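Q: build me a model from this:
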Amino acid sequence: MQKKNLVYIIGFMGSGKSTAGKKLASSLGWSFIDLDRKIEEKAGKTIPQIFSQHGESYFRSIETDLLETVGSGVETIVSTGGGTPCHGDNMDFMLQTGLTVYLKMTPSQLAGRLMKSTDERPLLKNIPDDKLISFIEEKLVYREKWYNRSNIVINGIDLDIRLLSSKIKISLSLTDRQ
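A: Next comes the predicted model:
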């Protein structure tokens, strides 16, 4: 039986999970899955449409179902949504089925990245620009109890993909096979 090598990239929205995930997958020669894109494919709608038409609980239900199906893959990098680890038993599931990597950033760093895309993000849609940092701070206080359970916590600013790839290989005992 082939060993499942799964890496889940987690962190707040705007932390670069999808970008880092694609680069890691390329670096390792693995598959890449963006969980948010899978949700949109399954629902046939964008995430903002899902939130506005069906609500967050419907979205989270689809998210959990799809997380469990991607968790059956082999040699895959999975970029999750910012709230994925914080709902149901998702973080426990990810810790049991793979390696988790938290791309950690400060609220001001995140706000700088998110300022231009608040309309595309359902949780930020009605947050005025002058309240964005305080909103992120509040969300991070809540979410970091899950995020900080990750196997690897790494600074998301100026992320060194080679360094992260090396840490993943060591954590998964892949160094002798690469």
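
Q: for the host helix or strand of Arg143, which helices and strands make contact with it?
A: Following DSSP states H and E, one finds Arg143 within helix 132-147. Here helix 132-147 touches helix 107-114, going by 3 or more C-beta pairs under 8 Å, 6 or more residues apart in numbering; DSSP states H and E. Glycine gets a C-beta too; all of them are placed from N, C-alpha and C.

Q: in stretch 122-129, which residues are buried?
A: Neighbour-count burial for stretch 122-129, counted by 16 or more other C-beta atoms under 10 Å, picks out 122, 124, 127.

Q: enumerate every residue touching the residue nearest to Phe32 when sequence neighbours are not counted.
A: Among residues not flanking Phe32 along the chain, Ala25 sits closest, at 3.6 Å (C-beta to C-beta, 6 or more residues apart in numbering). In this structure, Ala25 makes contact with 31-32, 76-77, judged by C-beta atoms under 8 Å, 6 or more residues apart in numbering.

Q: rerun at 7 Å
A: For Ala25, the contact set (C-beta atoms under 7 Å, 6 or more residues apart in numbering) comprises 31-32, 77.

Q: where exactly do the helices run in the chain?
A: 17-28, 35-43, 47-54, 56-70, 90-97, 107-114, 132-147, 161-171 (DSSP state H).

Q: roughly how far apart are Asn148 and Ser171?
A: As judged by C-beta to C-beta, to the nearest Å, Asn148 and Ser171 stand 16 Å apart.

Q: who's more crowded, those two?
A: Per other C-beta atoms under 10 Å, whichever of Asn148 and Ser171 has more neighbours is Ser171, with 14 against 10.

Q: who does the closest residue in space to that one that isn't next to it in sequence bridge with?
A: Spatial nearest neighbour of Ser171, chain neighbours left out: Leu99 (5.5 Å); criterion: C-beta to C-beta, 6+ apart. Beta-bridge partners of Leu99, counted by DSSP bridges, are Val7.

Q: what's around Lys22, how many residues?
A: By the criterion of other C-beta under 10 Å, Lys22 has 16 neighbours.

Q: adjust the sequence numbering to begin at 12 for everything that follows.
A: Understood, numbering begins at 12; the last thing we discussed is Lys33.

Q: any weak-confidence spans in this protein?
A: 12-15, 82, 129, 186-189 (pLDDT under 70).

Q: rerun that using 50 as the cut-off
A: Residue ranges of the chain with pLDDT under 50: 12-13, 187-189.
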